[in-house]
Structure formats: C-alpha cells, structure tokens
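Student: Mind looking at a prediction? Sequence and model below.
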Amino acid sequence: MMAKKGEPESICLSDRLKEKGLEPLYLVEGKEAFLRKRAVEELRTFAGPNPAETRFEGSKAQLSQVLDELRTLPFLASVRMVFIDEAEEFLAKNGEGLEKALQEVTRFKKTALVLETDGLDARFKLSKLVRELAVRITCDTPDEHGLLRFARERARARGRSFAHGADSALLDRFGGGAGIQVDLGILDGEVGKLCSTQGDAPITLEQVEALACSLTAEDTFAVVGAVGRGDLRAALEALRAVFRDGAVVDGERRRQPQAIAPMLLGLLAWDVGRLYKARSLLDAGRSQNDVVSELRAWRERDVFIARARAATPDALRRAHALLREADRQLKDSGEPFEILTTLVARLALMGPRPKAGRPLARQV
C-alpha cells in the first residue's frame, strides 16, 4: 500500500516516482474520485510531454487489444501509457489468461499499464495478484486528521495557510464530525475560494464563516430546519424544491442531482454533528446561552435547544447510521433524489412531531 489511510496520496506517489521512476504496472484504487484523478495526472505529468496514451473502458476492453497496445513501442514519445477505467470489470471479463499477461506486463521497460477502480474484490485470486504485482495507490477518503492535512496541503499549494481553528471550522461545515466522508473535490474548491481572498496572511475563522460554501443558504437550510422540527411534509417539499430549482453555491445555481446530493448530505450531517456537541455541552452543565454561542445556533435557537435536550445517545447513533448508509449509497452511484428522500424522511420521523392544528405546508 502506498500510504496510510488519511495521507494525501500524491505526496507518497511523488516520492515513489523520484525513487523508482515510471514503473510498468499501477493500481489506482479507492472510492475518492478526486484522489484517483490526481494520481493519474501525476503519473501523466511524470511521463513527460506528449506520452503515447491509450484509454480503455474496463467493461469493453479485450485482453488482446490491451496487450497489443502495451507491446507496441512508443513512436515519437519516451513512454507509452495504457489506462483502463473500471478495472474490476476488465479483470472479471478477461480472467482467463490475465495472470500470465500481468507477469509479462511487469517486465516492460517503456510502457505503463494503469488500472483505475473504485475497489477490487479481495475474495478473488486475481485481485490479490494485481495488488501484489502493481504499485498500489490507495485513494480512500481520509479520516478527520487526514482531512485536516489535506486542507492544509491544498492551502500551501496556493501559497496560503490556515489560522488556528480555521481549518477545523471548514471541515465542520461539511459534517465530518457526523461520520460522513467529505467529497475532496468540493473541499478543494472551498480551500481554493478561501485562498483567492486578498493578501497572503493566514486564512481566519471569520473568513471561513463568511466565505465557505453556502450550505446554509435559505433554499438548502429549509430542508434541515424542517427535519429538525420533525415536519416530514415540509422537509420533503423543501427537498423536492431544491432538486427542482437547484441550490445556490458560490453565487451559481447548481441543478445537477449528483452535485446537490453531497452538499445536502453534508449539511444534514453537520446538523447532527452540532446536535451531538450541544448535548455533550448540556450534559457537562453548560448553559443554553453558552451552547447557542459556541455552536452559533442562533437560527431557531429554542427549537435547537429542545432538540439537544431530547436527543438520546441511541437516537444520535441511529441518525449517524442513516447518514453513513446514505453516503455509501451515493458513492455506489445510487439515485441521488431517492437516497436523499429516504434519508430526510427517516430523520424527520425521528424528530419532534409538529403541533396539532398547524397549517399544512404549501404544496410545491
């Protein structure tokens, strides 16, 4: 394995390239698309300008085609690189004869085969062989400490740094405390936005609060507010409105479900995370005012405090489990609107019931 979980993979890959140069077989493996893309780009950059490149789709690639490309010496280029997306599909389809072919690939001098995948099935003998023979670049989402290192690294790459606590505040807005895997592409974009502010002084907590992604904008926060009140109908109506109209992020309205779902999931996770912190502070004897001030829960503060007092450890664990399951389904390419609808409904049903006689929310 190229790096421990939590380490930015490009740093380890850079060290390996400096030490060994370009090697004949790479496995770029993990759920985090941002890290996979960055690893591939680093390999391409190291290969020099205009390398001979061929890319195959794993579900369609034939072993004979791939081997023909690999055996062809690069013309007017120093190396030849062959990329295979969805490598797990390629292995499953071309298992027969692939073991011998991989042994041949490892002896190539001017050719590199790069297998890209969300993850190989460790139960299969061929998966184990690939991991043994290849330079394996793991691209899993970092843990909390790794996310902090990632944010700091991306800031340093842009000539900036974070003041004490500012990087943690940035992660809090993505719900990391609730056990949700943060989308590194979105996080990198947020760091880039913060680094674009004038000057080269460290990024402050105030700048993070002012400029970080507008996940608490009225259109998206309406979902969380309704969930917190236990208002199932209003929560689902707000959710439908966001997916129908899009959400305003960085001054632009995004309508792609694949972009909206992770942002809403992060916001819901942030809300559960701050609820957990509020309950812990109350249990420690802190006053309501202290809790509201420390967590900046000024919006519907009385409702928030009531939720914190009513929250039990078992309920918080169930909420975390629901969030993690939705996160897994999204990363497995599930349908975003269906996943968020189920999640929002279940979280809302865990909350307090609206008072009898309350007018029903307007239909969208």
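Tutor: Perfect, I can see it now.
Student: tell me what the one helix or strand residue 208 maps to is packed against?
Tutor: Taking DSSP states H and E as the criterion, residue 208 maps to helix 205-211. Secondary structure elements in contact with helix 205-211, counted by 3 or more Cβ pairs under 8 Å, 6 or more residues apart in numbering; DSSP states H and E, are helix 166-172, helix 184-195. Any C-beta I mention is one placed from the backbone N, CA and C, and that applies to glycine too.
Student: residues of the shortest one that come out buried?
Tutor: For helix 166-172, the buried set under the neighbour-count rule, 16 or more other Cβ atoms under 10 Å, comprises 166, 167, 168, 169, 170, 171, 172.
Student: Hmm, the fourth one is touching residue 205, no?
Tutor: Right, the one you point to is residue 169. Yes - here residue 169 reaches residue 205: they are 5.4 Å apart, a contact under Cβ atoms under 8 Å.
Student: rewinding a little: list of residues touching the helix holding residue 208?
Tutor: For helix 205-211, the external contacting residues (Cβ atoms under 8 Å, 6 or more residues apart in numbering) are 163, 165, 166, 169, 170, 173, 193, 194, 197, 296.
Student: what about the first one, neighbour count?
Tutor: The burial count assigned to residue 163 is 15, neighbours taken as other Cβ atoms under 10 Å.
Student: Residue 330 versus residue 146, what's the distance?
Tutor: 20 Å (Cβ to Cβ, to the nearest Å).
Student: What are the boundaries of the helices in the stretch 51-200 of the chain?
Tutor: Secondary structure of the stretch 51-200 of the chain by DSSP state H, counting those that start in this stretch: the helices cover 63-71, 87-93, 98-105, 125-133, 144-157, 166-172, 184-195.
Student: In JSON lines: the ones you listed, plus distance to residue 321 and mean pLDDT.
Tutor: Converted to JSON lines, those look like this (distance: least, Cβ to Cβ, whole Å; pLDDT from 0 to 100):
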{"stretch": "helix 63-71", "distance to residue 321": "42", "mean pLDDT": "92"}
{"stretch": "helix 87-93", "distance to residue 321": "27", "mean pLDDT": "91"}
{"stretch": "helix 98-105", "distance to residue 321": "39", "mean pLDDT": "91"}
{"stretch": "helix 125-133", "distance to residue 321": "29", "mean pLDDT": "92"}
{"stretch": "helix 144-157", "distance to residue 321": "18", "mean pLDDT": "88"}
{"stretch": "helix 166-172", "distance to residue 321": "20", "mean pLDDT": "82"}
{"stretch": "helix 184-195", "distance to residue 321": "23", "mean pLDDT": "82"}
